[in-house]
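Visitor: Just to be clear, the model below is a prediction. Sequence and coordinates:
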Amino acid sequence: MKALTIGVLGQQGDVEEHISATNLALRQMDLKGEVIWAKTMKDIERVDGLIIPGGESTVVGRLADYNGTLQEMKNRISKGMPVLGTCTGLIMLAKEVHDRFVSNVKQPILGIMDVIVERNAFGRQIDSFEADLEIPAIGKEKFKGVFIRAPVIQKTGSGVKVLCKLNEIVVAAQQNNIIGVSFHPELTNDTRVHRFFLENVRTLVS
């Protein structure tokens, strides 16, 4: 199998943390590959899989729209490129976005995952928390989810598989090559979410 090239969208957010977690996951899986800071259209063109990290979703969307990476991401993901969206990344992927505090959400999004997402669903920064999550797709052991101004999935389309719920609220889902989670897996020492994503990349590009 060829060496994988994984990109972490580098507009704003937890880029370095995702790069570190993905590099560790590659080593743990004994996979050859590199992880790049993906900032430009050319970067998006060359990757086998993409991670859209947490951050400020409005800022990320506007910057990606401005430099052309938003449309390039949409094109690549539509054609089957695996993607992992965490927190802001989930918001970016959703077909529709609401907000707990702002009635009219206007921001550039990819609109490519058949889910409706609510931003800031658990409250502001001060309301951040951790929770032990059951995610059968990554194993029996519970995963510590870090929720920071986290979104939730309010509604899923028929082609979307729910991966995890927290108190009956959907916080992780998958639609073919697209994985979206509400929490920040890069802020833990547990790489199972990244390994799950890499397995998706390996399967789809082999």
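Guide: Ah, there it is. From a predicted model like this one, the values you see are computed outputs, not experimental measurements. Residues are numbered from 1 along each chain as shown.

Visitor: where exactly do the helices run in the protein?
Guide: Assigned by DSSP state H, the chain shows helices spanning 15-28, 41-46, 57-67, 69-78, 88-93, 192-205.

Visitor: got the contact list for the residue nearest the centre of the chain?
Guide: Among the residues of the chain, residue 85 comes closest to the average C-alpha position under C-alpha atoms, centre = their mean, at 1.0 Å. Residues in contact with residue 85 (C-beta atoms under 8 Å, 6 or more residues apart in numbering) are 51, 52, 91, 92, 93, 113, 178, 179, 180, 181. Every C-beta, even on glycine, is put in place using the N, C-alpha and C of the backbone.

Visitor: Just the C-alphas of the worst-scoring helix or strand of the chain on mean pLDDT, formatted as CSV.
Guide: When the helices and strands of the chain are compared on mean pLDDT, DSSP states H and E, helix 57-67 comes out lowest with a mean of 81. Output in CSV follows, covering the C-alpha atoms of helix 57-67 (Å, rounded to 0.1, in the frame of the first residue of the first chain):
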residue,chain,number,x,y,z
SER,A,57,-16.5,28.0,12.6
THR,A,58,-17.4,31.4,11.2
VAL,A,59,-13.7,32.3,10.9
VAL,A,60,-12.7,29.0,9.4
GLY,A,61,-15.5,29.1,6.9
ARG,A,62,-14.8,32.6,5.7
LEU,A,63,-11.1,32.0,5.3
ALA,A,64,-11.7,28.8,3.4
ASP,A,65,-14.2,30.5,1.2
TYR,A,66,-11.8,33.4,0.6
ASN,A,67,-8.8,31.3,-0.5
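
Visitor: Show me what it is in contact with.
Guide: The contact list for helix 57-67, computed with C-beta under 8 Å, 6+ apart, reads 9, 11-13, 39-41, 52, 70, 73, 88, 91-92, 97, 107-109, 119.

Visitor: May I see the buried residues of that helix?
Guide: Buried residues in helix 57-67, counted by 16 or more other C-beta atoms under 10 Å: 57, 58, 60, 61, 62, 63, 64.

Visitor: ok now that helix, how far from the chain's centre?
Guide: 16 Å (C-alpha atoms, centre = their mean, to the nearest Å).

Visitor: the inter-axis angle of that helix versus helix 69-78?
Guide: Interaxial angle of helix 57-67 relative to helix 69-78 (axes from the mean of the first three to the mean of the last three C-alpha atoms, to 10 degrees): 90 degrees.
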